[in-house]
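Q: Next one to model:
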Amino acid sequence: MNKKLAAALSGGAVLVLALSGCSDDGDDGKVDAWAKAFCDQAQPQFQKRADAQQAIISTHADSKPAEVQKADSKAFQDIADTQKALAKAVESGGVPPIENGEQLQKDAVKELNATATAYEGLRKQVDALDPKDQQKFADGLQDVAVGLKKIEKMNQDALGKLQSGELRDAMAKQPGCQRATPSPVPTASASPAAGAGASSPAAKPSGSASASVSASASSSGKPE
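A: Numbers count the residues shown, from 1 in each chain. The predicted model follows:
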């Protein structure tokens, strides 16, 4: 019931990990140094996020509403925590040594923190659902879908602040900013296609968050 929600989350989850290209060797190394400092701090957060997405995937189609609620709640909170940590990584790294670096830093920190707050809001929304009433639970997931769609766009904008010019190229070379592979989970209930979608940093936003959660809602609305 939940693997499509994971696909929706993965769409805008790790844009910064999809970086590619080569850095201009003409700089004095300051951009590379900033990128390394950020990516070294960010890598554990990218891993945590990948694991949170995998946890949602592992809540398979036959899971009960209470199990889905628990998995989604933890995943949303984990993702919120990663957003806060990424904001701190951008802030602690100092002003990026590029044109308009100070404004870029301020904007990225602000938007990452705003996205974290929004994910926490989704977590509270999921926590407030009544898993004992399957129809109401399904209706509640529809509302979650609306919020998720908005947050996906916020997340793209926040991480997009770091994907420009020299900074983008420098980050592409850092091991810490490469694709994070989800850690193994006890049960493998998701299909290979679903797993690949969540772990791939190159996955593009599908724009179907509402439909994704709607699929989960439809399933949870069925009588056991």
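
Q: Please count neighbours and contacts with C-alpha atoms only from this point.
A: Noted.

Q: V31 touches G94, doesn't it?
A: No - with contact defined as C-alpha atoms under 8 Å, V31 and G94 do not form a contacting pair (11.4 Å).

Q: higher neighbour count, the two?
A: Comparing V31 with G94 by other C-alpha atoms under 10 Å, the one with more neighbours is V31, at 20 against 14.

Q: Model confidence score at that one, please.
A: Confidence per residue is given as pLDDT, and for V31 that number is 93.

Q: Where in the protein is the helix or strand with the lowest mean pLDDT?
A: helix 192-199 (a mean of 32; mean pLDDT, DSSP states H and E).

Q: the helices in this structure, which residues?
A: 3-11, 30-57, 65-92, 101-127, 134-160, 165-172, 192-199, 209-220 (DSSP state H).

Q: which of the ones you listed sits most buried?
A: Each of these was scored by mean neighbour count; the highest is helix 3-11, a mean of 27, by mean count of other C-alpha atoms under 10 Å.

Q: Measure how buried P184 is and give me the count.
A: By other C-alpha under 10 Å, the burial measure for P184, its neighbour count, is 10.

Q: With D133 instead?
A: Neighbour tally, D133, other C-alpha under 10 Å: 12.

Q: Quick check: the gap between it and N100.
A: When C-alpha to C-alpha, to the nearest Å is applied, the distance between D133 and N100 equals 52 Å.

Q: One more: K64?
A: Distance of K64 to N100, given as C-alpha to C-alpha: 50 Å.

Q: what do you get for A89?
A: Distance of A89 to N100, computed by C-alpha to C-alpha: 18 Å.

Q: Need the overlap of contacts for V31 and G94.
A: Where contact means C-alpha atoms under 8 Å, 6 or more residues apart in numbering, no residue is in contact with each of V31 and G94.

Q: Count the neighbours of the closest residue to V31 other than its chain neighbours for me.
A: Counting by C-alpha to C-alpha, 6 or more residues apart in numbering, V31 lies nearest to P97, which is 5.8 Å off, once chain neighbours are set aside. Under the neighbour criterion other C-alpha under 10 Å, P97 is assigned a count of 17.

Q: now swap in E99 and tell me
A: By other C-alpha under 10 Å, the residues close to E99 number 10.

Q: so what's the backbone phi/psi at it?
A: Dihedral angles of E99 (phi, psi; degrees, to the nearest 10) stand at phi -60, psi 130.

Q: try Q178
A: phi -90, psi 170.
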